[in-house]
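Visitor: structure, please.
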Amino acid sequence: MGEVHHARCLCGAVHIRVDGPLPPGDACHCSQCRRQSGHYWASTDVPRDAVTISGEEALTWYQSSEKVRRGFCHSCGSFLLWDGPGRSKLAIALGAFDTPTDTHIGKHIFVGSKGDYYEIADGLPQNL
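Guide: Numbers count the residues shown, from 1 in each chain. A predicted model of the protein is given here:
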């Protein structure tokens, strides 16, 4: 049996299964992720065909721009998914996964929009 990872929302209504390893994640500091999550948002991009979602009836999609929609549980509000139509991968919140994840943050993105109340000091690559 191959590597399997499980994620879920806070109330457990939405479950996500990923068959295969979790690639290194991104820490997104854009204003939309900060507003929706309350800080920066960490996610990993996994191939769509490796993802199985149970409890989709509890999943609500918010179209945050022409190119992006964000998936959250409408019961507990957990922000779980980031989806760009036409992408071969789906971004899943790293904080939603059961441990061990066997992955790490690989880079910071949209750091030009980061909050002014914290510093990024981990030495990882940063993209504006």
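Visitor: make it CA atoms for all contacts and neighbour counts henceforth
Guide: Fine.
Visitor: any stretches of this protein with poor pLDDT?
Guide: In the predicted model of the chain, residues 1 satisfy pLDDT under 70.
Visitor: which parts of it are strands?
Guide: With strands called from DSSP state E, the chain shows them at 4-8, 15-19, 25-28, 41-47, 51-54, 59-63, 69-73, 79-83, 89-93, 105-109.
Visitor: reformat the ones you listed as JSON lines; add mean neighbour count.
Guide: Putting those into JSON lines (neighbours: other C-alpha atoms under 10 Å) gives the following:
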{"stretch": "strand 4-8", "mean neighbour count": "19"}
{"stretch": "strand 15-19", "mean neighbour count": "19"}
{"stretch": "strand 25-28", "mean neighbour count": "22"}
{"stretch": "strand 41-47", "mean neighbour count": "22"}
{"stretch": "strand 51-54", "mean neighbour count": "14"}
{"stretch": "strand 59-63", "mean neighbour count": "16"}
{"stretch": "strand 69-73", "mean neighbour count": "20"}
{"stretch": "strand 79-83", "mean neighbour count": "23"}
{"stretch": "strand 89-93", "mean neighbour count": "21"}
{"stretch": "strand 105-109", "mean neighbour count": "18"}
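Visitor: could I get these as a markdown table with distance to residue 125?
Guide: Shown next, in a markdown table, are these (distance: least, C-alpha to C-alpha, whole Å):
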| stretch | distance to residue 125 |
| --- | --- |
| strand 4-8 | 26 |
| strand 15-19 | 26 |
| strand 25-28 | 10 |
| strand 41-47 | 14 |
| strand 51-54 | 27 |
| strand 59-63 | 29 |
| strand 69-73 | 25 |
| strand 79-83 | 21 |
| strand 89-93 | 19 |
| strand 105-109 | 5 |
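Visitor: nice, that's everything, thank you.
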